[in-house]
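K.L.:
Make a model of this:
(chains A and B)
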Amino acid sequence: MAPPITVALPLATAAAVAACHRWIPRWPALLLSAGASLAVAALGVSLALDASHSGLLLYWFGEWTPRTGHAIGIDFAIDPTGAMLLVISATLVTFAIVFAFRYFDTAGQFFQVLMLIFLAALAGFSLTGDLFNLFVFFELMSAAAFALCGYKSEEPAPLQGALNFAVTNTIGAVLVLTGIALLYGRTGALNFAQIGRTLGGRSDVLVLAAFAFIVCGFLVKAAVVPFHFWLADAHAVAPTPVCVIFSGIMVEMGLYAVVRIYWTVFSGALGPFHNELRNLLMAFGAATALVGAVMCYAQRHLKRLLAFSTISHVGILLLGIGLLSPEALGGVGVKLLGHAMTKGGLFLAAGILLHRTGSVDEIDLHGRGRHLGWLAFLFFFGAAGLAGCPPFATFWGGVMLNQAAGRLGYHWITWVALGGEIVTAAAIFRFTSRVFLGWGTAHGVLIAGAARIPEKPDTQGGHEHTPFAMYASATVLALLGAAAGMVPHLTRVAHSAALRMENRAAYAARVLDGVASAAPAARDTSATFPDLAQGCGAVAAALLLAWLTVCSPSARRALGSFHPLRRAVQYLRDVHSGIIPDYVAWLVFGVAVFGGVACSWVLWHATIPAQLR
Amino acid sequence: MSHLAYFVAAWLFLVGLYGVVTSRNMVHLIICLSVVQSSTYVVLLTIGYRTGAAAPVFVDIPPSTPAVDPVVQALMLTDIVVEVTVMALLLALAILAHARTGELDPNRLGLMRG
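P.N.:
Coordinates of the predicted model:
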């Protein structure tokens, strides 16, 4: 079975549905689209199993295999990590399409078409072994995402959100392409393994500039502070099934690209700057986790709240990636899996709420969700998952991350991650208690100044009941987040995948010389009592925080009169201005900081003798 | 010669970004964005350029003749195709936004504040 089918099948189905949408009725078209993405998920599972048994799977387009250790052609190089990302993408797209069975009664089939194109891009992105190929899939993903974001084009807000999203991400793509061009100029190669081998252990300002361009470009997609502004705007206005893909996998793909490119291309050349790079990535990660958490708690619009929660979790993932250790990267993988399913379930639940009540605004909806008991449970369940409660996959990811951080002496990461998880979960608990239980007053101290985005429901008619497809997909996706954590040996599989990912020499030997390497010696991670206590304690702390803000007048008064916090929140709100030129200015600032710091390492190493450093 | 081309690329990149940041009109902003993008075309072509080399079409010249690098030209063509798609989409979004709100100033399209 050839791996490119995972790209070709959704594209062909999309073309067929688009060509025939006038003649075939809705239901067959929907079933065809859902079936195609389910088939991709199944193919992904078989690829993942194959890859974890036999290492890297290679597919050279047109049989242009490497000659004497030089890659000429373009390849798909499938390792367990890439295959797992493909499975997550296809699963989320399937759920989103099923959820949208009753959505978009007009022009509905173009929604499925765009979703399938999106899936094809995600599949190619996670499987490719070629840098320019990666860029093309990146742009295909972006184009489909921009169109989906502005899908409800009869309202002004989705158009503005889509414009913010499209302009910032296009600049990100230009950064990536500039970096690729510089690397090609230096090495004459586009294959990951080939570039990595040609670069060897040498690095100079050009290599670091290329690195900074590529990483910053992908961090725009990953919504890392200060490149993150577009994400909240795009999520607030995109149809909820689209948010599932945005939050669950598209944003994380930006991080994946950074990891893949660092470990296959740059890890040799940047070897001398290992510690500096670690500090730089973790600084960006910590800033993202904290800013995302504070802004998440200060929102009243549910989809925007969940979007900032995604930003915070991306920061936590980047902290793990920044540790540059296989165990931490395994933890990041497990956490990503759990977050994708849990956040997907939460967004689908938000879609049901929007369908039933016509709003997702915490203040407008105060007490109006009392009859939607199951929905309240879904939100509660999802928030517990985000907080890293056992047995969710997020819990196991957290355990692996904490152990790796402890071993490397970065204990503060644990606290930053815990803070982000508690605050983002508390924000959902607070929303749930106000809307579904009618607790507290309709006014919030912190959320009064938040964006109140006018929104029409995605659905037309039938608001007095919820279609079965909606409830079923939201529930199953949320349950999958917990079920994934109960897969036996999940941590060992993730550790092994991360060990393969971080072995540049073995990757290059397999791709360029056809030499397979032995399976890495991975081990299971077991949770100790303090880990379990931390997971449960995070949920308890989040509940307490939510209860204090909603129900305790004295706590609310104290919060209201605590000026530094109010001023900080007000400042952050002003920064999130919703205006494209501001966002681009922040983006340029972020690139300048990252690139400046990265290039200074070389100058520092070149000018200061080793014994003085 | 080659250094001049890199300076041109850097200049296009920066001046385009300056235009995006200071623009008061959405269509103008999108055109500035295409200026930023055109810097990548210059970088790519410069990287593949060799002084005195022939075009990489070996129909009537011997295969050993020095030629400019065809790979970057292919990359640039792909890049143009991708960017044209994105430009068309962006302009369509801007026109729709103008039709809904009657506003083209990016500084007044601030529904998402806070």
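K.L.:
right, and residue A:452 touches residue A:360 too?
P.N.:
No. Residue A:452 lies out of contact with residue A:360 (C-beta atoms under 8 Å); the separation is 10.8 Å. C-betas here are computed from N, CA, C, even on glycine.
K.L.:
Now for those two: what residues contact both?
P.N.:
Common contacts of residue A:452 and residue A:360 (C-beta atoms under 8 Å, 6 or more residues apart in numbering or on different chains): residue A:301.
K.L.:
Looking at chain B, which residue is nearest chain A?
P.N.:
residue B:112 (3.4 Å; C-beta to the nearest C-beta).
K.L.:
what about the longest helix along chain B, near chain A?
P.N.:
Taking DSSP state H as the criterion, chain B has its longest helix at helix B:70-101. Yes. Applying C-beta under 8 Å from any C-beta of the partner chain, one finds helix B:70-101 touching chain A at B:71-72, B:75, B:78-79, B:82-83, B:85-86, B:89-90, B:93-94, B:96-97, B:100-101.
K.L.:
Output the contacting helices and strands for that helix.
P.N.:
Here helix B:70-101 touches helix A:131-149, helix A:156-187, helix B:26-48, going by 3 or more C-beta pairs under 8 Å, 6 or more residues apart in numbering or on different chains; DSSP states H and E.
K.L.:
any idea of the mean pLDDT in it?
P.N.:
Here helix B:70-101 scores 91 as its mean pLDDT.
K.L.:
Now do that helix against helix A:156-187: the angle between them, please.
P.N.:
With axes from the mean of the first three to the mean of the last three C-alpha atoms, to 10 degrees defining the directions, helix B:70-101 sits at 170 degrees from helix A:156-187.
K.L.:
How far off centre is helix B:70-101?
P.N.:
Taking C-alpha atoms, centre = their mean, to the nearest Å, one finds helix B:70-101 lying 9 Å from the centre of the chain it belongs to.
K.L.:
Give me the buried positions along that helix.
P.N.:
Neighbour counts over helix B:70-101 (16 or more other C-beta atoms under 10 Å in any protein chain shown) mark B:71-72, B:75-76, B:78-79, B:82-83, B:85-87, B:89-90, B:92-94, B:96-98, B:100-101 as buried.
K.L.:
With stretch A:326-344 instead?
P.N.:
Buried-residue list, stretch A:326-344, by 16+ other C-beta under 10 Å: A:326-344.
K.L.:
Just the CA trace of that stretch, in CSV.
P.N.:
Extracted C-alpha coordinates of stretch A:326-344, given in CSV (Å, rounded to 0.1, in the frame of the first residue of the first chain):
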residue,chain,number,x,y,z
PRO,A,326,13.4,12.2,24.1
GLU,A,327,11.4,11.5,27.3
ALA,A,328,10.0,15.0,27.4
LEU,A,329,9.2,14.8,23.7
GLY,A,330,7.3,11.6,24.3
GLY,A,331,5.4,13.4,27.0
VAL,A,332,4.6,16.2,24.5
GLY,A,333,3.3,13.6,22.1
VAL,A,334,1.0,12.0,24.6
LYS,A,335,-0.2,15.4,25.8
LEU,A,336,-0.9,16.5,22.3
LEU,A,337,-3.0,13.4,21.7
GLY,A,338,-5.0,13.9,24.8
HIS,A,339,-5.4,17.6,24.2
ALA,A,340,-6.6,17.1,20.6
MET,A,341,-9.4,14.7,21.6
THR,A,342,-10.4,16.7,24.7
LYS,A,343,-10.3,20.1,23.1
GLY,A,344,-12.1,18.7,20.1
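K.L.:
Next secondary structure element downstream of the helix or strand bottoming out on mean pLDDT in chain A?
P.N.:
Lowest on mean pLDDT, DSSP states H and E among the helices and strands of chain A sits helix A:553-561, with a mean of 78. Next in sequence after helix A:553-561, counting helices and strands by DSSP states H and E, comes helix A:563-575.
K.L.:
Please name every helix or strand in contact with that next one.
P.N.:
Secondary-structure packing of helix A:563-575 (3+ C-beta pairs under 8 Å, 6+ apart): helix A:274-297.
K.L.:
residues near the one residue in chain A that gets nearest to chain B, how many?
P.N.:
Using C-beta to the nearest C-beta, residue A:578 is the residue of chain A that sits closest to chain B, at 3.4 Å. Neighbour count for residue A:578, taken as other C-beta atoms under 10 Å in any protein chain shown: 24.
K.L.:
pretty sure residue A:354 contacts residue A:453?
P.N.:
No. Using C-beta under 8 Å, residue A:354 makes no contact with residue A:453, being 12.0 Å away.
K.L.:
higher neighbour count, those two?
P.N.:
Remark: of residue A:354 and residue A:453, residue A:453 carries more neighbours, 24 against 21, as counted by other C-beta under 10 Å.
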